[in-house]
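Enquirer: how would this look folded up:
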Amino acid sequence: MENVEYIFTEAEIQEIERHAAKYPEKRSAVMPALWIAQEKFGWLSPDAIKLVASTLDLPYAHVYGVASFYTMYFKESVPKHLIEVCTCFSCGVNGGNEILDYVKTQIEADGKGHGKGGKIWARAAECLGACDTGPVCQVTNGHYVHHLTKEKVDELIGKLQRDEEIPYEQIPLRDQSIFQ
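Expert: Reported below is the predicted structural model:
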């Protein structure tokens, strides 16, 4: 096991302080501070959560409560890239479940969704709010990939395996008003 020193750099502390200054109470900066810690350490170990708590002068239980409530904070060591496929109603009826199964097959996922080789993992996502472009996935808490097909999944997995940037996908807006 790698020996990790759980400290923030001066620049990271300044960034956390910039976030804290936006709010009447410092504790409101807990989410951005958790993001900074997760970006730095790859996941939020108990020691990373303690670092956030001490940096913001908050009880560990409060910071842990926030980190454990939201699925985008990783509380265990995980592969570098995450493909979260929406399987809620709209995406589900448009093939989201099948796409998720396809992703897991392509990465040869284990029971936790971690792919063979340890670089990519996959899981179902709650609604990603892109019902009109489903099935859709979110990549490592960032970019969305819309109108998923097996071909798009293969391309996405290839890019992630090569650590290539996933470009933003521009989706044309449609007039959804009932009066035209």
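Enquirer: helix, strand or coil for Leu82?
Expert: Put simply, Leu82 is strand when judged by DSSP: H, G, I helix; E, B strand; the rest coil.
Enquirer: now do the contacts for it.
Expert: Counting by Cβ atoms under 8 Å, 6 or more residues apart in numbering, Leu82 touches 120-123, 138-141. C-beta coordinates here come from the backbone N, C-alpha and C atoms, glycine included.
Enquirer: please redo it, this time with the cut-off set to 7 Å
Expert: Leu82 is in contact with 121, 139-140, counting by Cβ atoms under 7 Å, 6 or more residues apart in numbering.
Enquirer: what's the answer for Asp47, then?
Expert: Tyr6.
Enquirer: and it, that one's in a strand?
Expert: No - counting by three-state DSSP, Asp47 is located in no strand; its state is helix.
Enquirer: for Gln138, what are phi and psi?
Expert: Backbone torsions for Gln138, taken as degrees, to the nearest 10, come to phi -110, psi 140.
Enquirer: tell me, please, the helix or strand in the protein that averages the lowest pLDDT.
Expert: Sorting the helices and strands of the chain by mean pLDDT, DSSP states H and E puts helix 89-93 at the bottom, at a mean of 91.
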